[in-house]
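Enquirer: Build me a model:
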Amino acid sequence: MSGSVLAASVLLFDMDGTLVDSTASVERAWGRFADRHGLEASAILAVAHGRPTIEVVADFAPAGVDVVAETDRIEAEEIDRTDGISEIPGAAALLDSIDRSRWAVVTSATRALTLKRLAAVGIPLPKVLVAADDVTKGKPHPQPYMLAARALGFDAADAVAFEDAPAGLTSATAAGAAAVVVGGYRGEAAAGLPRVPDLSGVRVARDGADLSVLLP
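Expert: Here you go, the predicted model:
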């Protein structure tokens, strides 16, 4: 589906895979975790994208491993390593074109890691950020998107959400937002949704008090 125009009051953006290409960094981090504990990295990577790190660690860590300490180690390693990450094409320009009171970042990364990655690739820092630190239930639960929309003064049903992963798409649609798939994911969670290869062709125009989101 292309050439769509979506009406919204606010826009909500995932970070990894949507605003920032951090694939290589994330894969290296999970590879180190797998090596430390004798696990198969491919099995972890198959389900890790878009989910809070602590939940993935809890799913895979062998018995006796301190899940919180291991999560902190992974996060610290990623904060220290911003090499190899880049802006998703069009992300910075798109966010610069929208009033900061009308968009938020909704991510399964921690707040510290999110701010480090956005700054590293030159993407504007959000006025509203809902990170892993801010929720009691992460994606695919709808809570993150509901909280972000509420922090902007709207309901999630008034939002368009940009996401690249099944956990995030499920979270956004369950919250009531209109979801747009960014990138190549074509699984069940993306069925019937509009998609864009990146953000370079996306435009946002003011339509009275609302926004019109123009998809290429």
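
Enquirer: Specify the residue positioned farthest from the middle of the protein.
Expert: Distance to the chain centre peaks in the chain at residue 64, reaching 30.4 Å (criterion: CA atoms, centre = their mean).

Enquirer: For residue 92, see how far away that one is.
Expert: Residue 64 sits at a distance of 44 Å from residue 92 (criterion: CB to CB, to the nearest Å). No exception for glycine: its C-beta is placed from N, CA and C like everyone else's.

Enquirer: give me every residue that touches the most centrally placed residue in the chain.
Expert: The residue lying closest to the centre of the chain (CA atoms, centre = their mean) is residue 14, at 2.4 Å. Residues near residue 14 by CB atoms under 8 Å, 6 or more residues apart in numbering: 50, 105, 106, 107, 161, 162, 163, 164, 165, 168, 182.

Enquirer: Give me the buried positions along stretch 136-150.
Expert: 138, 139, 140, 141, 142, 143, 144, 145, 146, 147, 148, 149 (16 or more other CB atoms under 10 Å).

Enquirer: whoops, stretch 87-96 was the one
Expert: Neighbour-count burial for stretch 87-96 flags 87, 88, 90, 91, 92, 94, 95 (criterion: 16+ other CB under 10 Å).

Enquirer: which residues are contacting that stretch?
Expert: Contacts for stretch 87-96 (CB under 8 Å, 6+ apart): 13, 17-21, 103, 121-124, 182, 198-204.

Enquirer: Just the buried residues out of those, in PyMOL syntax.
Expert: Buried residues within those, by 16+ other CB under 10 Å, are selected in PyMOL with:
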select buried, resi 13+17+18+19+20+21+103+121+123+124+182+198+199+202+204
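
Enquirer: Just to be careful, could you list which of the contacts of stretch 87-96 are in strands?
Expert: 13, 20, 21, 103, 182, 203, 204 (DSSP state E).

Enquirer: how much space between the third one and residue 67?
Expert: Between residue 21 and residue 67 the distance, using CB to CB, works out to 28 Å.

Enquirer: again with the last one
Expert: Between residue 204 and residue 67 the distance, using CB to CB, works out to 40 Å.
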